[in-house]
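Asker: I would like to see how this sequence folds:
(one chain, ligands or ions: 1)
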Amino acid sequence: MKKFDAIVIGSGQAGTPLVFRLAKAGMQVAFIEKKHLGGTCLNVGCTPTKTYVASARRMWDAQHGEDLGIEIPDGAVANMKKIKDRKDALIKKSVDGITKGVTDNEKITYIKGEAKFKAEKTIEVNGELLTAPEIYINVGGRPFVPKDFEKTCFLTNESLLELDKIPEHLLIVGGSYIGLEFGQMFKRFGAEVSIFEKGERIIHREDEKTSSMVQKFMEDEGVTFHLDKECISGKREADDSITIIAKDADGNETKVTGSHLLLAVGRRPNTDTLGLENAGIETNDKGFIKVNDYLETNVKGIYALGDCNGEGAFTHTAYNDYEIIAENRFDGKDRKVSDRILTYGLFVDPPLGRVGMTKAQAIEKGLDILVGERPMSKISRAKEKGETNGYMSVVVDAQSEQILGATVLGVGGDEIISGFVNIMYAGSGYTTIRDSIQPHPTVSELIPTMLESLSKPEKENK
Ligand SMILES: Cc1cc2nc3c(=O)[nH]c(=O)nc-3n(C[C@H](O)[C@H](O)[C@H](O)COP(=O)(O)OP(=O)(O)OC[C@H]3O[C@@H](n4cnc5c(N)ncnc54)[C@H](O)[C@@H]3O)c2cc1C
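Answerer: Next up is the predicted model:
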């Protein structure tokens, strides 16, 4: 049995920085990764998709020069092979950097293999046993594949990113964040795109207005949506094309045949193959590892970080898990998961930036709130850019004047949202932004204006 001071399982957004921090503190660390250093975000998640989003936007610009008085001759072509090569080169540079950092560090023993618990503090990898008083689990998640699709020929986010030809007709099951990003980018690359969703609207966790605006601007670009389908299944045809059969509640059937199918119906944690039962580590009914506010599992000295603990589903939440562990362990801090404010983006174009509660969530909780709203069509900078899709809105606690949540769907929305995030972390009331001045001409300069005219919300979530 090989002994270490700590074992880190999984090179995700938490595990990777943690390994370096543990090593810096002088600890001997075993670092186990079964597939690729850098995990989901770098290899098959955020980095490749946002690289593709940028290529898709360049394609869109080439086709919309005329809107702004620029004559660009027809004939822009999205070269999937070159788009993929660019993405691969970007990833390789980062992965090479991590690989070098790991292999050059004599405190770190990097083991490529699949880790499995054999006992409470005993891990098996490649037939060898390792032990350490501290174990950090950072195994992330993988795409969920519904039973109906197990025998269909489908792509996931991983395999779709390996294509070097643009699909003729991409069928996407799942009208949520991943499905929408892929849908818009492949439409812009030149594919026909059809999106199927069980719910009556896309991105159902957002306010209705957000869902309908995103749907509208994607439809305007030519994406087709099939919503409110009670049952969605897939069938591989003799010529290798794929047919989606979608039934509504009344049994009416829609059949669409395409060349490729992307399943984007959610993710599940990689905890089922980890042998957690051998260590007595508890999971919830969805397989997420149960942790306390300090990310410790029910077994002392064993921690779970990132997507596998169900406390976040983003790179920034995984990284924040790393910070909580590292700063509490080495810097005498008292950081907790419950200190975190929910924030994220949806990187369609124009993007969505979100923080805290939606209007609907605040109303459902019965909170005494004030709301403000402004369409992008009433913002000069958006008009000047010729990008007036979207809106921004804010939810404020009527008594404490604290901002409870905000939505910025529109040009720059993914960056603009940080203004709200910062004020919420500062614990300062909404008047701090209302009474500030912002540079002109920007979309942000209308945030104080929006905050000058807060009002009670209408009951329905429109
Ligand atoms: C298509 C897509 C787009 C996304 N876009 C965004 C975005 O724009 N912004 C954002 O914030 N988030 C985004 N995400 C989510 C983000 O990628 C994840 O939240 C983030 O990567 C979670 O990191 P993690 O630390 O939990 O682990 P991961 O990054 O998932 O890494 C876990 C690692 O553990 C390894 N592993 C698993 N089991 C074992 C085992 N038994 N032994 C050894 N190693 C193991 C895996 O191979 C993997 O490398 C996206 C995800 C997808 C799929």
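
Asker: so where is the chain shaky, pLDDT-wise?
Answerer: 459-462 (pLDDT under 70).

Asker: Show the contacting residues for the residue positioned nearest the centre of it.
Answerer: The residue lying closest to the centre of the chain (Cα atoms, centre = their mean) is residue 314, at 5.1 Å. By Cβ atoms under 8 Å, 6 or more residues apart in numbering, the contact set of residue 314 is residue 344. For glycine as for every other residue, the C-beta is placed from the backbone atoms N, C-alpha and C.

Asker: now do residue 162
Answerer: Here residue 162 is in contact with residue 84 (Cβ under 8 Å, 6+ apart).

Asker: That one should be in a strand, yeah?
Answerer: No: counting by DSSP: H, G, I helix; E, B strand; the rest coil, residue 162 falls outside a strand, being coil.

Asker: Phi, psi for it please.
Answerer: Dihedral pair for residue 162: phi -100, psi -10, per degrees, to the nearest 10.

Asker: Please report the distance of it from residue 385.
Answerer: 34 Å (Cβ to Cβ, to the nearest Å).

Asker: wait, what's in contact with the nearest residue to residue 149 once chain neighbours are set aside?
Answerer: Here the nearest residue to residue 149 in space, its sequence neighbours aside, is residue 234; by Cβ to Cβ, 6 or more residues apart in numbering that works out to 5.4 Å. For residue 234, the contacting residues are 148, 149, 152, 154, 171, 173, 242, 243, 244, 245, 261, by Cβ under 8 Å, 6+ apart.

Asker: Give me the buried subset of the residues you listed.
Answerer: 149, 152, 154, 171, 173, 242, 243, 244, 245, 261 (16 or more other Cβ atoms under 10 Å).

Asker: Need the three-state assignment for the residue nearest to residue 149.
Answerer: With three-state DSSP as the basis, residue 234 sits in strand.

Asker: For it, list each beta-bridge partner.
Answerer: Beta-bridge partners recorded for residue 234 (DSSP bridges): residue 244.

Asker: follow-up on the earlier one: export the buried ones among the contacts of residue 234 to JSON lines and append columns for distance to residue 89.
Answerer: Shown next, in JSON lines, are the buried ones among the contacts of residue 234 (distance: Cβ to Cβ, whole Å):
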{"residue": "149", "distance to residue 89": "32"}
{"residue": "152", "distance to residue 89": "32"}
{"residue": "154", "distance to residue 89": "27"}
{"residue": "171", "distance to residue 89": "29"}
{"residue": "173", "distance to residue 89": "31"}
{"residue": "242", "distance to residue 89": "31"}
{"residue": "243", "distance to residue 89": "36"}
{"residue": "244", "distance to residue 89": "34"}
{"residue": "245", "distance to residue 89": "40"}
{"residue": "261", "distance to residue 89": "28"}
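
Asker: circling back: and the residue nearest to the centre of the chain, backbone torsions?
Answerer: Torsion angles, degrees, to the nearest 10, at residue 314: phi -140, psi 160.

Asker: and what of the one 4 residues further on?
Answerer: Main-chain torsions, residue 318, degrees, to the nearest 10: phi -60, psi -40.

Asker: That one: what's it in contact with?
Answerer: 12, 13, 14, 41, 138, 305, 306, 307, 312.

Asker: out of these, which are inside helices?
Answerer: Per DSSP state H, helices hold the following members of the contacts of residue 318: residue 41.

Asker: which of the contacts of residue 318 has the most neighbours?
Answerer: Neighbour counts for those peak at residue 14, which has 35 neighbours (criterion: other Cβ atoms under 10 Å).

Asker: Can you list the residue ranges for helices in the stretch 151-300 of the chain?
Answerer: 157-160, 177-189, 208-220, 276-279 (DSSP state H, counting those that start in this stretch).

Asker: Tell me which of those lies nearest to the ligand.
Answerer: helix 157-160 (3.7 Å; Cβ to the nearest ligand atom).

Asker: what separates the closest residue to the ligand within the stretch 201-350 of the chain from residue 141, distance-wise?
Answerer: Using Cβ to the nearest ligand atom, the closest approach of the stretch 201-350 of the chain to the ligand is made by residue 306 at 2.3 Å. Distance from residue 306 to residue 141, counting by Cβ to Cβ: 9 Å.

Asker: ok so, going back, looking at the helices of the stretch 151-300 of the chain, which is nearest to residue 407?
Answerer: With Cβ to Cβ as the measure, helix 208-220 is the member of the helices of the stretch 151-300 of the chain nearest residue 407 (6.0 Å).

Asker: Now do that closest one: which elements does it pack against?
Answerer: Helix 208-220 sits against helix 177-189, strand 224-226, strand 391-397, strand 403-409, with contacts defined as 3 or more Cβ pairs under 8 Å, 6 or more residues apart in numbering; DSSP states H and E.

Asker: Show me which residues of that helix are buried.
Answerer: Residues 208, 209, 210, 211, 213, 214, 215, 217, 218 are the ones in helix 208-220 that count as buried (16+ other Cβ under 10 Å).

Asker: Kindly report the same for stretch 96-108.
Answerer: So stretch 96-108, judged by 16+ other Cβ under 10 Å, has buried residues 98, 99, 101, 102, 105, 107, 108.

Asker: What of stretch 299-316?
Answerer: Neighbour count says stretch 299-316 has 299, 302-312, 314-315 buried, by 16+ other Cβ under 10 Å.

Asker: how far out from the middle of the chain is it?
Answerer: Centroid displacement of stretch 299-316 relative to its chain, using Cα atoms, centre = their mean, to the nearest Å, is 15 Å.

Asker: Please apply the same query to stretch 52-68.
Answerer: 23 Å.

Asker: when you give positions from now on, start the count at 781
Answerer: In the new count, where the first residue is 781, that last one comes out as stretch 832-848.

Asker: how about residue 795, what does it touch?
Answerer: Here residue 795 is in contact with 788, 789, 811, 819, 916, 918, 1085, 1086, 1102 (criterion: Cβ under 8 Å, 6+ apart).

Asker: go again using 10 Å as the cut-off
Answerer: For residue 795, the contact set (Cβ atoms under 10 Å, 6 or more residues apart in numbering) comprises 788-789, 811-813, 817, 819, 916-920, 1085-1086, 1098, 1101-1102.

Asker: same question, residue 1041
Answerer: 929, 932-935, 940, 947, 949-953, 974, 976, 1014, 1016, 1021-1024 are the contacts of residue 1041 under Cβ under 10 Å, 6+ apart.

Asker: let's see 6 Å
Answerer: 934, 951, 1014, 1022 (Cβ atoms under 6 Å, 6 or more residues apart in numbering).

Asker: Please list the members of those that lie in strands.
Answerer: For those, the ones inside strands are 951, 1014, 1022, with DSSP state E as the criterion.

Asker: List of residues touching stretch 872-885?
Answerer: 803, 817, 818, 822, 888, 890.

Asker: Please save the CA atoms from it in CSV.
Answerer: What follows is stretch 872-885 as a C-alpha-only set of coordinates in CSV (Å, rounded to 0.1, in the frame of the first residue of the first chain):
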residue,chain,number,x,y,z
LYS,A,872,-3.9,21.5,-26.0
LYS,A,873,-2.0,24.5,-24.8
SER,A,874,-3.8,24.5,-21.5
VAL,A,875,-3.6,20.7,-21.0
ASP,A,876,0.1,20.8,-21.8
GLY,A,877,0.5,23.5,-19.2
ILE,A,878,-1.3,21.4,-16.6
THR,A,879,0.6,18.3,-17.6
LYS,A,880,4.0,20.1,-17.3
GLY,A,881,3.0,21.6,-13.9
VAL,A,882,2.0,18.2,-12.6
THR,A,883,4.9,16.2,-13.9
ASP,A,884,7.5,18.8,-12.9
ASN,A,885,6.3,18.9,-9.4
